[in-house]
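Visitor: build me a model from this:
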Amino acid sequence: MCSMDDRTPLPEFLIRLPEGTIRVAGTRVSLDSVVLAFQDGATPEEICLDFPSLDLARVYSVLAYYLTRRETIHAYLLAQHRFV
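Guide: From the prediction side, this is the model:
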């Protein structure tokens with residue numbers, strides 16, 4: 001499993017805050033929020049309704065990133081959950 005630490009490069013649509021939280025660039029929406037909503041069964045369109053600062057293309061980009069790196073993102077989510 002690959003870890004997602006401060007050196008892991010992120011795509012341009014995601015940013016890492018100094019404390020390590022990853023957010024969708026230009027918003028206050030965390031990667032965690034989008035992924036957890038998707039895991040709970042929300043469609044991309046429903047995620048847009050829940051987070052009006054996200055457009056549909058951005059949601060699909062985040063979900064594609066998640067779906068191609070599930071193990072890494074799950075490890076990140078677990079680490080975030082432990083931190084909180």
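
Visitor: residue contacts, residue 46?
Guide: With contact taken as Cβ atoms under 8 Å, 6 or more residues apart in numbering, residue 46 is in contact with residue 37. C-beta: built from backbone N, CA, C; applies to glycine.

Visitor: in which helix or strand does it reside?
Guide: helix 44-50 (DSSP states H and E).

Visitor: residue 42 now?
Guide: Following DSSP H and E, there is no helix or strand that holds residue 42.

Visitor: let's see the pLDDT reported for it.
Guide: For residue 42, the pLDDT comes out at 98.

Visitor: just confirm it contacts residue 50, I think it does.
Guide: Yes - between residue 42 and residue 50 there is a contact under Cβ atoms under 8 Å: 7.0 Å.

Visitor: so which bits of the helix holding residue 46 are buried?
Guide: By neighbour count on 16 or more other Cβ atoms under 10 Å, the buried set for helix 44-50 is 44, 47, 48.

Visitor: closest one to residue 76 out of those, please.
Guide: When those are ranked by distance to residue 76 (Cβ to Cβ), residue 47 comes first, at 18.4 Å.

Visitor: surely that closest one is in contact with residue 38?
Guide: Yes - if you go by Cβ under 8 Å, residue 47 and residue 38 touch, sitting 6.8 Å apart.

Visitor: tell me, what residue is most central in the chain?
Guide: Residue closest to the average C-alpha location in the chain (Cα atoms, centre = their mean): residue 31, at 2.0 Å.

Visitor: not counting its neighbours along the chain, what's nearest it?
Guide: Leaving out its chain neighbours, the residue that sits closest to residue 31 by Cβ to Cβ, 6 or more residues apart in numbering is residue 22, at 4.2 Å.

Visitor: neighbours around that neighbour, how many?
Guide: Using other Cβ atoms under 10 Å, residue 22 has 21 other residues around it.

Visitor: if it is in a bridge, with which residues?
Guide: Residue 22 forms beta bridges with residue 16, as assigned by DSSP bridges.

Visitor: output the helix-or-strand element of the chain with minimal mean pLDDT as PDB - backbone C-alpha positions only.
Guide: Here the helix or strand of the chain ranked lowest by mean pLDDT, DSSP states H and E is helix 70-83, holding a mean of 89. C-alpha atoms of helix 70-83 as PDB (Å, rounded to 0.1, in the frame of the first residue of the first chain):
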ATOM      1  CA  ARG A  70      -8.500   3.600  -3.200                       C
ATOM      2  CA  GLU A  71      -5.900   2.000  -1.000                       C
ATOM      3  CA  THR A  72      -4.000   5.200  -0.600                       C
ATOM      4  CA  ILE A  73      -7.100   7.300   0.000                       C
ATOM      5  CA  HIS A  74      -8.400   4.800   2.500                       C
ATOM      6  CA  ALA A  75      -5.100   5.000   4.400                       C
ATOM      7  CA  TYR A  76      -5.300   8.800   4.300                       C
ATOM      8  CA  LEU A  77      -9.000   8.800   5.600                       C
ATOM      9  CA  LEU A  78      -8.000   6.400   8.400                       C
ATOM     10  CA  ALA A  79      -5.100   8.600   9.400                       C
ATOM     11  CA  GLN A  80      -7.400  11.700   9.300                       C
ATOM     12  CA  HIS A  81     -10.000   9.900  11.500                       C
ATOM     13  CA  ARG A  82      -7.300   8.900  14.000                       C
ATOM     14  CA  PHE A  83      -6.100  12.500  14.100                       C
END
